[in-house]
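K.L.:
sequence and predicted structure below; questions after.
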Amino acid sequence: MDIRSRLRSTLDNTAARHDHILAHLRAAGLGALADLGFRCLDNDIRDPVIVTGFAATRTHKLTPGQKAANRVLAIGRAPVEHGFAHLKNWRILTKLRTDPGRATHLLRALLVLANLEVNR
């Protein structure tokens with residue numbers, strides 16, 4: 001199974017666990033801002049690597065502080081989400097036929113160019 005079909009058919013949390021995303025981020029000394037699909041992936045309260053927002057339920061409403069934290073998180077994630085949306089619209093990822101490890105540098109460059117073009 002190639003990586004594109006695996007990513008389409010696998011939930012975010014499962015794919016992150018399978019690819020050991022937490023270990024790679026810790027080893028590199030990096031962190032990540034993530035959506036609610038990644039909740040409960042990183043249970044280290046003292047030194048979290050993956051920061052997710054707060055989720056409201058019918059019985060648990062968000063406090064004003066939690067709502068503010070969600071807004072700050074959304075502002076940080078917005079440029080990346082917009083960049084990936086443009087890559088999807090341009091269908092660049094469907095034409096990519098290379099090793100995923102090599103594709104990382106290409107995708108980073110494309111995201112920078114996409115953000116420059118959009119913010120022009």
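P.N.:
Right, received. Where do you want to start? Remember, predicted model here, so these are calculated numbers, not experimental data.
K.L.:
so which residues of this structure form helices?
P.N.:
Listed in chain order, the helices of the chain (DSSP state H) span 3-9, 12-18, 21-28, 64-89, 100-118.
K.L.:
now do the buried residues in the longest one.
P.N.:
For helix 64-89, burial by neighbour count (16 or more other C-beta atoms under 10 Å) applies to 70, 73, 77, 83, 86-87. All C-beta atoms are positioned from the backbone trio N, CA, C, and that covers glycine.
K.L.:
what's the angle from it to helix 100-118?
P.N.:
100 degrees (axes from the mean of the first three to the mean of the last three C-alpha atoms, to 10 degrees).
K.L.:
list the helices and strands helix 64-89 packs on?
P.N.:
strand 32-33, helix 100-118 (3 or more C-beta pairs under 8 Å, 6 or more residues apart in numbering; DSSP states H and E).
K.L.:
with mean neighbour count added, can I get these in JSON lines?
P.N.:
Shown next, in JSON lines, are these (neighbours: other C-beta atoms under 10 Å):
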{"stretch": "strand 32-33", "mean neighbour count": "17"}
{"stretch": "helix 100-118", "mean neighbour count": "12"}
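K.L.:
by mean pLDDT, show me the worst of the ones you listed.
P.N.:
Comparing mean pLDDT over those, the weakest stretch is helix 100-118, at a mean of 77.
K.L.:
how about the CA coordinates for that one, as CSV?
P.N.:
Output of helix 100-118 as CSV, limited to C-alpha atoms (Å, rounded to 0.1, in the frame of the first residue of the first chain):
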residue,chain,number,x,y,z
PRO,A,100,8.3,10.5,0.9
GLY,A,101,11.6,11.3,2.6
ARG,A,102,12.8,13.3,-0.4
ALA,A,103,9.3,14.9,-0.8
THR,A,104,9.6,16.7,2.5
HIS,A,105,12.0,19.3,1.2
LEU,A,106,9.9,19.8,-2.0
LEU,A,107,6.7,20.2,0.1
ARG,A,108,8.3,22.8,2.3
ALA,A,109,9.5,24.8,-0.7
LEU,A,110,6.0,24.6,-2.2
LEU,A,111,4.3,25.7,1.0
VAL,A,112,6.6,28.7,1.1
LEU,A,113,5.9,29.6,-2.5
ALA,A,114,2.2,29.1,-2.0
ASN,A,115,2.1,31.4,1.0
LEU,A,116,4.1,34.0,-0.8
GLU,A,117,1.7,33.9,-3.8
VAL,A,118,-1.4,34.0,-1.6
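K.L.:
perfect, that will be all.
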